[in-house]
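Q: starting from these lines, generate the structure:
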Amino acid sequence: MDYFLKYLSTAPVLLTAWLGLTSSFIMFINYVYPDPLTFPSF
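A: Okay, the predicted model is just below:
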């Protein structure tokens, strides 16, 4: 039971950290390449 309570306490923390890391990476990519849906014509 202790392991289950430890899992319940760490899973939201890890999920929040992972989502924060992923969203900050996506925001950085959108900052460097502002509109990737319009392709430049070479």
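Q: helix or strand: which one has the residue positioned nearest the centre of the chain?
A: Central residue check for the chain by C-alpha atoms, centre = their mean: the C-alpha nearest the mean position is that of Thr22, 1.7 Å away. Per DSSP states H and E, Thr22 falls inside helix 2-32.
Q: chain center to that helix, what's the gap?
A: Distance of helix 2-32 from the chain centroid (C-alpha atoms, centre = their mean, to the nearest Å) equals 6 Å.
Q: also stretch 1-19?
A: Averaged C-alpha coordinates place stretch 1-19 at 17 Å from its chain's average position (C-alpha atoms, centre = their mean).
Q: and it, C-alpha only, in PDB?
A: The C-alpha trace of stretch 1-19 is given here as PDB (Å, rounded to 0.1, in the frame of the first residue of the first chain):
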ATOM      1  CA  MET A   1       0.000   0.000   0.000                       C
ATOM      2  CA  ASP A   2       2.900   2.300   0.700                       C
ATOM      3  CA  TYR A   3       4.200   1.900  -2.900                       C
ATOM      4  CA  PHE A   4       0.700   2.700  -4.300                       C
ATOM      5  CA  LEU A   5       0.500   5.900  -2.200                       C
ATOM      6  CA  LYS A   6       4.000   6.800  -3.300                       C
ATOM      7  CA  TYR A   7       3.000   6.300  -7.000                       C
ATOM      8  CA  LEU A   8      -0.100   8.500  -6.500                       C
ATOM      9  CA  SER A   9       2.100  11.200  -5.100                       C
ATOM     10  CA  THR A  10       4.800  11.100  -7.700                       C
ATOM     11  CA  ALA A  11       2.900  10.600 -10.900                       C
ATOM     12  CA  PRO A  12       1.200  14.000 -11.000                       C
ATOM     13  CA  VAL A  13       4.500  15.700 -10.200                       C
ATOM     14  CA  LEU A  14       6.200  13.800 -13.100                       C
ATOM     15  CA  LEU A  15       3.300  14.500 -15.400                       C
ATOM     16  CA  THR A  16       3.300  18.200 -14.600                       C
ATOM     17  CA  ALA A  17       7.100  18.400 -15.100                       C
ATOM     18  CA  TRP A  18       6.900  16.500 -18.400                       C
ATOM     19  CA  LEU A  19       4.000  18.700 -19.700                       C
END
